[in-house]
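Trainee: Sequence plus predicted model, see below.
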Amino acid sequence: MILRASGGLLLLFLANPRLARADAPITDRNYVIDAYRGAAVADYRVIGMGGVSLATAEGALGLLTNPAAAASRPSTASGWFYWDFLLDAYTPGLGVDYDNNGTPQDRFNGTTGALNAGLVGMFGAWGVAVSVTGELRDFNPSGGTDASLSAAIWRLTLARSFADGEWIAGASLVAGGFNLRLPGSGVDLVNAGDWSIEAGGLWQPRDSNLRVGVSFRPAMKPRIDPTACDPNNCVGYILPERVEFPWTAGAGIAMRLGPTPWNRRVTDEFRDERSTILAADLIVSGPVADGAGLEAFLQKQLQPSGRHGSVSLRLGAEYEWIPGWLRIRGGSYWEPPRFADVTGRLHLTLGLDVRFWSFSLWGSQYRMRVSLGADGARQYGNSVLSLGFWH
């Protein structure tokens, strides 16, 4: 289910950016499309908590950022078997400046949509999961050629807990695909895919309120398929050597304040108590040698991108205001600059969960929730609506 981005959310207090410019027309293939995404593209909880995810990863909600989440159970999941799912869809505000590349608003307009889905099953100490992150974007440049982008990252995850859940390690087989098409001519400018192994870990000391998480994903460097057309003159375009998803590494810490310890199993099916979670993540993304921006490429211009690594600090909080019925969350994160002539930008985020239905199935109690999330920054807005289980 999708909500249109509000666009103006929390934007008025931020300064105008410096506008980037492309250095020169593209004359050879000695460049790479930088597939970095600085804005938080994740589940509703991560977006609402300022992009924080590594230490709070649990079940399906953590699959997209920390593979250890596949074996991280909620405190109420005391049985041998447990399962969970994730399904979110949303539309970031591409019509302003989705990539923070400094493109003026009237030069590049379009639409975008994204989908996150995941399913996890936990069998004793083991957890197995499958998840996907997909993105569809339509580019309608002023005076340029329309283009359509589809990108997806699939994960097959295996994780295991040790020492009664105090330590959790996980790994994901990650496969990524990137397709850029010109609908008018039916030509695929870029059609590339690659795979890698992603790793993550969690430390949840028993009977404490502290959690620590780490993750690492190597770079993926899918090369361009040269069989579709001449890479030196593909409908007038000089194609890049490849598309590159830069490597990322992160570490996070979280603390829960409540009447009972966070890392303790409880016998009740739900832990209904007023509590607060405070969390922070530090995310480092690697450079892309000879990297260039996608939107400038569509105008046959070279705009250097990702020539240096970037660092993002993320802070978030979650408060269970009415136990068992209402949670609110908020946060902030820094989106580092990827383009030389553009400054980074600060994001502010909000979110909430509302329980609306309870039912029994096969002797177990379930609660359904509706969740909202919003992310606003300079020339960027994103809102998300999600349905799922209340944990």
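Mentor: Structure received. Residues are numbered from 1 along each chain as shown.
Trainee: Give the bridge partners for Cys234, please.
Mentor: Taking DSSP bridges, one finds Tyr237 as the beta-bridge partners of Cys234.
Trainee: Can you verify my assumption that it contacts Leu189?
Mentor: Yes - counting by CB atoms under 8 Å, Leu189 is a contact partner of Cys234 at 6.0 Å. The way it works is simple: take the backbone N, C-alpha and C, and place the C-beta from them, glycine included.
Trainee: Looking at those two now, which is surrounded by more residues?
Mentor: Leu189 (23 against 19; other CB atoms under 10 Å).
Trainee: In a strand, the more buried one, correct?
Mentor: Yes - counting by DSSP: H, G, I helix; E, B strand; the rest coil, Leu189 falls inside a strand.
Trainee: what pLDDT does it get?
Mentor: Looking at Leu189, its pLDDT reads 84.
Trainee: Now do it against Asp146, distance only.
Mentor: Going from Leu189 to Asp146 by CB to CB, to the nearest Å gives 12 Å.
Trainee: list residues touching both of the two?
Mentor: Residues touching both Leu189 and Asp146 (CB atoms under 8 Å, 6 or more residues apart in numbering) are Leu182.
Trainee: which stretches of the stretch 201-350 of the chain form helices?
Mentor: Along the stretch 201-350 of the chain, counting by DSSP state H, counting those that start in this stretch, helices occupy 294-298.
Trainee: what ranges do the strands span in it?
Mentor: Secondary structure of the stretch 201-350 of the chain (DSSP state E, counting those that start in this stretch): strands located at 210-217, 242-244, 248-257, 276-285, 291-292, 301-302, 310-322, 326-335, 345-361.
Trainee: nearest to Tyr44, of those strands?
Mentor: Tyr44 lies closest to strand 345-361 among the strands of the stretch 201-350 of the chain, at 6.3 Å (CB to CB).
Trainee: Report the buried residues of the closest one.
Mentor: The neighbour-count check on strand 345-361 (16 or more other CB atoms under 10 Å) flags Arg345, His347, Leu348, Thr349, Leu350, Gly351, Leu352, Asp353, Arg355 as buried.
Trainee: Could you do stretch 299-312 as well?
Mentor: Gln299, Gln301, Leu302, Gln303, Pro304, Ser305, Gly306, Ser310, Ser312.
Trainee: can you check stretch 187-196 too?
Mentor: For stretch 187-196, a neighbour-count test (16+ other CB under 10 Å) marks Asp188, Leu189, Val190, Asn191, Ala192, Asp194, Ser196 as buried.
Trainee: In the buried residues of stretch 299-312, find the pair that's most separated.
Mentor: Gln299 and Ser312 (27.8 Å).
Trainee: what separates the closest residue to Thr260 other than its chain neighbours from Leu182, distance-wise?
Mentor: Closest residue to Thr260 apart from its sequence neighbours, by CB to CB, 6 or more residues apart in numbering: Glu273 at 6.6 Å. Note on Glu273: its distance to Leu182, by CB to CB, is 55 Å.
Trainee: These two: which has the busier surroundings?
Mentor: Per other CB under 10 Å, whichever of Glu273 and Leu182 has more neighbours is Leu182, with 18 against 12.
Trainee: Double-check that one against Asp138; I have them as touching.
Mentor: No - assessed by CB under 8 Å, Leu182 is found out of contact with Asp138, at 11.5 Å.
Trainee: one step back: deepest of the strands of the stretch 201-350 of the chain, which one?
Mentor: Ranked by mean neighbour count, the strands of the stretch 201-350 of the chain are led by strand 242-244 with a mean of 25 (mean count of other CB atoms under 10 Å).
Trainee: just checking, what packs against it?
Mentor: Contacts defined by 3 or more CB pairs under 8 Å, 6 or more residues apart in numbering; DSSP states H and E place strand 242-244 against strand 32-34, strand 187-203.
Trainee: what does the first one contact?
Mentor: Just to be clear, that refers to strand 32-34. 178, 190, 221, 240-244, 246, 288-294, 297, 305-306, 338.
Trainee: list the contacts for Leu115?
Mentor: The contact partners of Leu115, taken as CB under 8 Å, 6+ apart, are Asp88, Ala89, Val132, Thr133, Gly134, Glu135.
Trainee: Now do the same contact list for the first one.
Mentor: To tie it back to what came earlier, the one meant is Asp88. Neighbouring residues of Asp88 by CB under 8 Å, 6+ apart: Asp43, Tyr44, Leu115, Asn116, Ala117, Val384, Ser386.
Trainee: So which of those are in strands?
Mentor: Applying DSSP state E to these, the entries found in strands are Leu115, Asn116, Ala117, Val384, Ser386.
Trainee: Quick check: of the residues you listed, which has the highest neighbour count?
Mentor: Counting by other CB under 10 Å, top hit in these: Val384 with 28 neighbours.
Trainee: where's that residue relative to Gly316, distance?
Mentor: 15 Å.
Trainee: count of neighbours near the residue lying closest to Gly331 once chain neighbours are set aside?
Mentor: Ranked by CB to CB, 6+ apart and with sequence neighbours excluded, the top spatial neighbour of Gly331 is Gly50, at 2.1 Å. Neighbours of Gly50 under the rule other CB under 10 Å: 28.
Trainee: One more: Leu372?
Mentor: Counted by other CB under 10 Å, the residues lying close to Leu372 total 17.
Trainee: Surely Val214 is in contact with Thr248?
Mentor: No - judged on CB under 8 Å, Val214 makes no contact with Thr248 at a distance of 11.5 Å.
Trainee: would you say Gly82 is within a strand?
Mentor: Careful, residue 82 is Tyr; it's not Gly. Yes - applying three-state DSSP, one finds Tyr82 inside a strand.
Trainee: For it, which residues are in contact?
Mentor: If a contact means CB under 8 Å, 6+ apart, then Tyr82 has Gly59, Arg73, Pro74, Gly121, Met122 as its contacts.
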